[in-house]
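Q: With the input below, show me the fold.
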Amino acid sequence: MKPKFKSELAWQQAQLLMQPALIRIVDNIRKRLEQTSWKATYQETQVPVPGYQLLLELGDRQKTLDIWELCYRVCFRDYVPTPSPEQACEVDIDTSLIDEGDVDWERLDEKARTVTHLVLADLPSEA
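A: Numbering: from 1, shown residues only. Okay, here's the model as predicted:
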């Protein structure tokens, strides 16, 4: 999904949140996978926008996660992926993650942990 911002301010807020969200998502994934036998491989993608996918493998099981989609779940309020990755959708910034113009690190960490937990909750630790 290509996020569509309602205003210049919303775009600036997304710029403020996206990199810290990415770092926290990747770190939380790493922590969760350390407790399992899953093999993780990151791949760069170019379509519909440059980004990253996480390929998880355990035996004959595979799971693919779009890292930007996970970041969107953190940074945007009530984010729902679109049916088509090329489709643009207007988003609302989760302003509870911003405190006086800066990142509210505790809230961002908490939301990134929650999103990661929900996405990886169904991964068994062994084949």
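
Q: Show me how far the lengthiest helix in the chain is from its chain's centre.
A: Selection of the longest helix in the chain by residue count, based on DSSP state H, yields helix 8-33. Relative to the centre of its chain, helix 8-33 is centred 7 Å away, using CA atoms, centre = their mean, to the nearest Å.

Q: buried ones in that helix?
A: 10, 13-14, 16-18, 20-22, 24-26, 28-29, 32-33 (16 or more other CB atoms under 10 Å). (C-beta placed from N, C-alpha, C; glycine too.)

Q: Show me which pair in those is furthest apart.
A: Taking CB to CB as the measure, these span a maximum distance of 32.7 Å, between 10 and 33.

Q: and the helix or strand that contains residue 110, what does it pack onto?
A: In this assignment (DSSP states H and E), residue 110 forms part of helix 105-120. Contact partners of helix 105-120 among helices and strands, from 3 or more CB pairs under 8 Å, 6 or more residues apart in numbering; DSSP states H and E: helix 8-33, helix 67-75.

Q: How far does the shortest one sit from its chain's centre?
A: Taking the mean C-alpha point of helix 67-75 and that of its whole chain, the gap between them comes to 3 Å (CA atoms, centre = their mean).

Q: shift numbering so it begins at 12
A: From this message on, residue numbering opens at 12, which makes the last subject helix 78-86.

Q: What are the contacting residues of whatever helix or strand comes next after that helix?
A: The element immediately downstream of helix 78-86 (helix or strand, assigned by DSSP H and E) is strand 99-102. Residues outside strand 99-102 that contact it (CB atoms under 8 Å, 6 or more residues apart in numbering) are 12-17, 21, 25, 83, 87-88, 90, 93.

Q: Listing partners with orientation, what would you give for the next helix or strand after strand 99-102?
A: Next in sequence after strand 99-102, counting helices and strands by DSSP H and E, comes strand 109-110. Sheet pairing for strand 109-110, assigned by DSSP bridges, gives strand 113-114 (antiparallel).
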